[in-house]
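Visitor: Sequence and predicted structure below; questions after.
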Amino acid sequence: MGEQSPTRVSAPTRAVFLSYASQDAEAAQRVADALSSAGLEVWFDRGELRGGEAWDRQITRQIRECALFIALISSHTDERSEGYFRREWRAAVERMRDMADDRPFLVPVVIDSTREDTARVPDRFREFQWIRLPGGTILPAFVEQVQRLLAPTESMVRRPAAVETRSDAPEPRSSSASRPRWLNPVLVVVLAAILGGITFALVRFVRPGQPPAVAVTAVEKSIAVLPFIDMSERHDEEYFADGMAEEVLNLLAQVPDLRVPGRTSSFYFKGKQATLAEIARTLGVSHVLEGSVRRAGTTVRVTVQLIRADSGYHLWSKSYDRDLQDVLRVQDDIAQSVVGALKVSLLGAPPLRAAPSVDAEAYRLYLEAHALRVTGGSAQQGIDYLRKSLKLDPTFALAHAELAATIAGDFTTTGILLYPTALAEAHAAADEAVRLDGQLPAAHMALARLFFQVDWNWDAGEAEIRKAMALEPGNAEALRVAGYFTTTRGRFDEAIELLKKAASLDPLQPWNYVAMGFPVYRKHDYAQAETLYRKALALSPQEVKVHYVLGTSLLLQGEPGKALAEIERETDEGFRHCGLALAYDALGRKREADRELAVAEANYQNEKAYWIALIHASRRNSDEAFRWLERAARQKDPGMQWIRGDPMLDVLVQDPRYDALLRHIRLL
């Protein structure tokens, strides 16, 4: 830290100390300015690092006297194994040793996409709720939260710790050294079920919280599979525990009589404050399955229990000690036991699939790759993991399906592979997955995505997604993909019904509402489309980037000023420039609109050809609009999947070139 230059404070206990790496100085300045503008005192570095004993004493005194310690966390702090800010962090942690547990003091603030579970921070930091300010953008809610923390009646919400105890083990220590680094889930467990002389239990220690404003009516035969807890020795296999829980969820979703919320909704509360009753009420379920996983080498212990949500009554629990070669069979056993405990009828339904044995390392690599895909991690790394997995076990159908899905998804986003390579490898993987296990829903899902995202073979893709839906009736993702197909093909009412079912099964999955907004928008119900996009943003403002489409729905409602404000928040630069051109045109600011269009055409001609065409269509420049649409078709621009019914193209539909273009891409 450099020179601290606060104003003299009359009440030091109200001061906020701001700690950060020097590379984050601009973000730190914004934080300091926002807090100072709200009347808060901020001890903040405004100079260069001076060092020396006197300087150290001053910093130590300020950390000892401040009311709150805000630590800015970023890729820069991760990159630096040494830095004065680390000395400050240690001093803050040391001060906390003498504090009451409910005393608010440490406030970790992440200013980029740095992950909490892998950030290079003291273990003690993970005991507190982290605040995220992407790009260092200061939101009013952040300032209000800091003000609340400074109020004498408020207390920092401390994350509960998860401890594993044995009947013959000593009491867990209370020092920070005993707190596991991996702690992130909303559920905290202490294992207890008497099996093989070892006692385990699952006890919930969560504080009441405010679940999202989404509620689904509970039905009796319903269950949420919550993320399993990683109890491995080093607590570094969260992906493995999550993967096992998701596989059990997918198996249960095959049962026609059982309502099972999708992965996004079931995992939504991970790391959040909520009670079991709140989770069940929000997800609309009567039962909850939770568990833990301890992996050591090639062996794994899985402990699970089924709980009645309204009473907390334990209906069934069991522990499994197995070799990793048989881990898929453990998942099958858990699913079958849950079905039996809930007395769900399987009459007339196919039995749950019997999982084959799989190479232990191949399975681990598959889970790592899947975790990267569902959390938005590196697609290239996931593809590498899957190639290694399949080299170890070429008969692993699920890994083939995952490889096809990863390549298809990445082709439409970052384009890491050239089209012929993506097409060949993805198709080979999907075809092999279906050949190895024709009853595997993920195999048909992967093939459907490939036909949709890469091939634009709508007939074949829709046939595959229907197969996946038949094999796994409760799969919300399959319903959403079916909604994409029917929207693309212009069957908007059918798409809306499919997406309503997806949202009922996975109510906290924001993309269900984004997807539903597409056909609603194409039915010219722009206000309802706006509502759906805003609901998606409320659920996941960091993940869902829909400011452009939200802006266009506002434009078509005759609200260009509001549209401009929304589009200015778009983080995808290509969409932002295209959207600004539309908004400025609507506001009569032609010079600015021309400038944004020129930027879009110069810099995003290979990524946003479809969206550039919309600008020309809005200007009623048909020749230019068709020129860009034809370019989009040649480039396999994903925007072309949404051409049917796009109201921005209404001025072109009477032109013969419009139907010719639809026929060319097999949408007419």
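Guide: In hand now; what should we look at?
Visitor: And for the host helix or strand of residue 320, what's in contact with it?
Guide: Element membership of residue 320, judged by DSSP states H and E, is strand 314-323. With C-beta atoms under 8 Å, 6 or more residues apart in numbering as the contact definition, strand 314-323 has outside contacts at 193, 195-196, 200, 202, 287, 298-308, 329-330, 333-334, 337-338, 341-342, 360. C-beta: built from backbone N, CA, C; applies to glycine.
Visitor: show me where the stretch 501-650 of the chain has helices.
Guide: For the stretch 501-650 of the chain, the helices defined by DSSP state H, counting those that start in this stretch occupy 510-522, 526-539, 547-555, 560-567, 573-586, 590-603, 609-618, 622-634.
Visitor: what secondary structure does the closest residue to residue 20 other than its chain neighbours sit in?
Guide: Excluding its sequence neighbours, the residue lying closest to residue 20 (C-beta to C-beta, 6 or more residues apart in numbering) is residue 72, at 3.8 Å. Put simply, residue 72 is strand when judged by DSSP: H, G, I helix; E, B strand; the rest coil.
Visitor: quick one: low-confidence parts of the stretch 451-600 of the chain?
Guide: Flagging of the stretch 451-600 of the chain using pLDDT under 70 yields an empty set of residue ranges.
Visitor: Would you mind giving me the ChimeraX syntax to select the buried ones in the contacts of strand 314-323?
Guide: Entered in ChimeraX, the line below selects the buried ones among those, by 16 or more other C-beta atoms under 10 Å:
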select :193,200,202,287,300,301,302,303,304,305,306,307,329,330,333,334,337,338,342,360
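Visitor: Give me the subset of the contacts of strand 314-323 lying in helices.
Guide: 329, 330, 333, 334, 337, 338, 341, 342, 360 (DSSP state H).
Visitor: Which residues are in contact with the closest residue to residue 452 other than its chain neighbours?
Guide: Nearest residue to residue 452, sequence neighbours excluded (C-beta to C-beta, 6+ apart): residue 461, at 4.5 Å. Listed by C-beta under 8 Å, 6+ apart, the contact partners of residue 461 are 447, 448, 449, 450, 451, 452, 455, 485.
Visitor: Which of these fall within helices?
Guide: 447, 448, 449, 450, 485.
Visitor: re the thing from before, where's the residue nearest to residue 452 relative to residue 455, distance?
Guide: 7 Å (C-beta to C-beta, to the nearest Å).
Visitor: With residue 305 instead?
Guide: Using C-beta to C-beta, one gets 44 Å for the distance from residue 305 to residue 455.
Visitor: ok, of the ones in helices among the contacts of residue 461, which one's closest to residue 379?
Guide: Among the ones in helices among the contacts of residue 461, residue 449 lies closest to residue 379 (C-beta to C-beta), at 13.4 Å.
Visitor: what's around that closest one, how many residues?
Guide: Residues near residue 449, counting by other C-beta atoms under 10 Å, number 27.
Visitor: Contacts only, for the nearest residue to it once chain neighbours are set aside.
Guide: Closest residue to residue 449 apart from its sequence neighbours, by C-beta to C-beta, 6+ apart: residue 408 at 4.7 Å. Counting by C-beta under 8 Å, 6+ apart, residue 408 touches 422, 426, 446, 449, 450, 453, 454.
Visitor: Any idea what residue 41 is bridged to?
Guide: As for beta bridges, residue 41 partners with residue 15 under DSSP bridges.
Visitor: mind checking how far it is from residue 102?
Guide: According to C-beta to C-beta, residue 41 stands 23 Å off from residue 102.
Visitor: And those two? Which one has more around it.
Guide: Relative neighbour count places residue 41 above the other of residue 41 and residue 102, with 21 against 10, counting by other C-beta under 10 Å.
Visitor: confidence score at the more buried one?
Guide: Note for residue 41: predicted pLDDT of 88.
Visitor: Kindly confirm whether my reading is correct that residue 454 touches residue 423.
Guide: Yes: using C-beta atoms under 8 Å, residue 454 is in contact with residue 423, at 5.9 Å.
Visitor: what about those two, which has more around it?
Guide: Of the pair residue 454 and residue 423, residue 454 is the one with more neighbours under other C-beta under 10 Å, namely 22 against 17.
Visitor: can you tell me which residues contact residue 388?
Guide: Taking C-beta under 8 Å, 6+ apart as the test, what residue 388 contacts is residue 365.
Visitor: so where does it fall, helix or strand?
Guide: If you go by DSSP H and E, residue 388 is part of helix 379-392.
Visitor: what angle separates the helix or strand following that helix from helix 379-392?
Guide: Moving toward the C-terminus from helix 379-392, the next helix or strand (DSSP H and E) is helix 397-411. Helix 397-411 runs at 160 degrees relative to helix 379-392, counting by axes from the mean of the first three to the mean of the last three C-alpha atoms, to 10 degrees.
Visitor: What residues of the following helix or strand past helix 397-411 count as buried?
Guide: Using DSSP H and E, the helix or strand that directly follows helix 397-411 along the chain is helix 419-436. By neighbour count on 16+ other C-beta under 10 Å, the buried set for helix 419-436 is 422, 423, 425, 426, 427, 429, 430, 431, 432, 433, 434, 436.
Visitor: got it, and stretch 589-608?
Guide: 589, 593, 596, 597, 599, 600, 601, 604, 607, 608.
Visitor: Pull the residues that contact it.
Guide: Here stretch 589-608 has contacts from 573-575, 577-578, 580-582, 584-585, 611-612, 615, 631, 635, 637, 639, using C-beta under 8 Å, 6+ apart.
Visitor: again, but for stretch 612-629
Guide: 578, 581-582, 585, 597, 600-601, 604-605, 609-610, 632, 640, 643, 646, 648-649, 651-652, 655, 657, 661.
Visitor: start to end distance for that stretch?
Guide: Length of stretch 612-629, first residue to last, C-alpha to C-alpha, to the nearest Å: 9 Å.
Visitor: Next: stretch 596-611.
Guide: 13 Å.
Visitor: From residue 517, how far off is residue 510?
Guide: Look at residue 510 and residue 517: by C-beta to C-beta, they are 11 Å apart.
Visitor: hey, what's in contact with both of the two?
Guide: residue 536.
Visitor: Between the two, point out the one with more neighbours.
Guide: residue 517 (28 against 22).
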